[in-house]
Every structure is written in C-alpha cells, then in structure tokens.
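Engineer: Predicted model follows, preceded by the sequence.
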Amino acid sequence: GAEPGTGGVAGAEHRAERCMLITRQFILQCESGAVVPGAPLPHGSSFPGRLIVLDVMPPPQSKMKRFRVVSNSNALVRSVREHVARELDAPPRRIRLLIGGCELSHDNRLLRDTRIPAEATTTTMQVMIAAVDFGAMVREGG
C-alpha cells in the first residue's frame, strides 16, 4: 500500500520539502569547491578562456628582474597574486597588482573581468609590496 501522507496536499508538501533539501545539498556541494565565498562556481573553468602572459615588473626594493606569469583569462586574480607572492617570497596579502595604473584589488574576479585588454596576449603588470597587511586593515575597519 501507499505510505501515509503521500497523497493530497500533505504529500505534495512533503515531496516539495524533500526536493528543496536535495537541491540545497547539491548547491552546497557545488559551492564547497569554490576558493572563497563569491568565487565563480567550478563550472566557470569549463569555458576555454584564452592564454594570458603577464610580464611582471617587481618592485625596485626586491632587486629581482622581470619575470613572466602564464595564466588563463578564467583564472582568479587571487591565483595570480599568490603566484607572484611565491616568486617574491612575500605574503599574498601584501602584494598589490597594477595593470595600466589600476589596481587588481578584487581577488574573486576572473582575469577576463579586469582591465587586461581583451585582444592582448602579453600584458605588463606592475607589482608593489605594501608595508602593511591589507587583510589586517580590512579587519580593523581601515
């Protein structure tokens, strides 16, 4: 026989509630793969994007020569910042990235959504190392 509560309005409400729970669980699973809240969902990387070569100009105090970072237009600014930080042996939160005089300050943005010209294959990026930790400034209300 049929289970109690599976017919009529009560049954429909029960099925709708169950669908909502399953959907919520699915969304949480998809978002758990994101780097940070608000980051593009994993399906964003399924678009091919394009190759971007960043010609990095380190700050003068680093005494390093220019170097290149090869990335993709679908990469997050955060991943470029972390790559540059490793090269410069500095904390990522102190790395400031500038392209054409404008700072790439939103780590959750894709490179294709920044000021990198759409047709450019190689773009010059200036890097600065801040004296203070930007993360601490934000936490302290600065």
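Structural biologist: Yep, it's here. Computed from a predicted model, the values in this text were never measured in an experiment.
Engineer: Going by residue numbers, what spans are helices in the protein?
Structural biologist: Secondary structure of the chain (DSSP state H): helices at 8-31, 77-88, 134-139.
Engineer: In terms of mean pLDDT, which of those ranks lowest?
Structural biologist: Lowest mean pLDDT within the helices of the chain: helix 134-139, a mean of 47.
Engineer: wait, which of the helices of the chain is closest to residue 51?
Structural biologist: Residue 51 lies closest to helix 77-88 among the helices of the chain, at 13.4 Å (C-beta to C-beta). (Each C-beta comes from the backbone N, C-alpha and C, glycine too.)
Engineer: in that closest one, what counts as buried?
Structural biologist: Of the residues in helix 77-88, 77, 78, 79, 80, 81, 83, 84, 85, 87, 88 count as buried by neighbour count, 16 or more other C-beta atoms under 10 Å.
Engineer: Give me the contacts around it.
Structural biologist: Helix 77-88 is contacted from outside by 35-36, 39, 54, 56, 58, 62, 64, 67, 69, 71, 91-92, 94-95, 97, 104, 106-111, 114, 127, 129, using C-beta atoms under 8 Å, 6 or more residues apart in numbering.
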